[in-house]
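# next comes the sequence, and after it the predicted model I'd like to discuss.
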Amino acid sequence: MALTLQDIEQIFLERGHRSYHGESVSHLRHALQTAALAERNGAGPHLITACLLHDLGHLIADRPGTPTLRGIDDKHQYFVLPFLRGLFSPAVLDPIRLHVEAKRYLCYVEPQYEASLSEDSKRSLALQGGSFDAGQAVDFASMPGAPDAIRLRRWDDMAKVPGLATPSLDHFLEIAEGVSGRVKLAAVW
């Protein structure tokens, strides 16, 4: 079932208060901070929207607790895609789909990157297959959406600051509406 922007807003409002184990922000604050970092760094509306929605799969799955603590990779980056396909183009979906692989890529090309990850990101990295090897890194880098996924990933890692002020969810949903496939029709009288 494809989601509407109203559905997405409702999911964030109902479930976004939940925190990641070991992280100092809620899912909603993390999403807003990631999108705000993208916006501040001059990203376009498609990438800002991807940043807002990159972890929505965790909230849609609505599983209790933190999956990595139970040794589970919930594959949230894939789980969310069928819910967003009717609403957004690959310019939004590809960075979401590839943001986990971007972490694995960065661990290969920047050996110090893994040490900078949060404990939950390190646990999920192990469950997701660890660092890429050379062949995997080359394959990833050639994929459409990979550069944006890498940018998203870097902002994702930085978006865990307690109390950081960001624009509102409404602000980012307006940006998302502008790139969605379901644009409001203006009444012409």
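Received the coordinates, thanks.
# and stretch 25-44, what's buried?
By neighbour count on 16 or more other CB atoms under 10 Å, the buried set for stretch 25-44 is 25-39, 43. Bear in mind the C-beta positions are built from the backbone N, C-alpha and C, glycine included.
# can you tell me which two in these are farthest apart?
26 and 43 (22.4 Å; CB to CB).
# out of the buried residues of stretch 25-44, who's nearest residue 19?
residue 26 (5.0 Å).
# of the buried residues of stretch 25-44, which belong to strands?
Nothing among those maps onto strands, per DSSP state E.
# how much space separates the most centrally placed residue in the chain from residue 167?
Centroid-nearest residue in the chain, with CA atoms, centre = their mean: residue 54, separated by 1.7 Å. Per CB to CB, to the nearest Å, residue 54 is found 17 Å from residue 167.
# and if you look at residue 128?
In terms of CB to CB, residue 128 sits 30 Å off from residue 167.
# next: residue 102.
24 Å.
# so what's residue 113 closest to, chain neighbours aside?
Nearest-residue entry for residue 113: residue 106, 4.5 Å, with adjacent residues in sequence omitted and distances by CB to CB, 6 or more residues apart in numbering.
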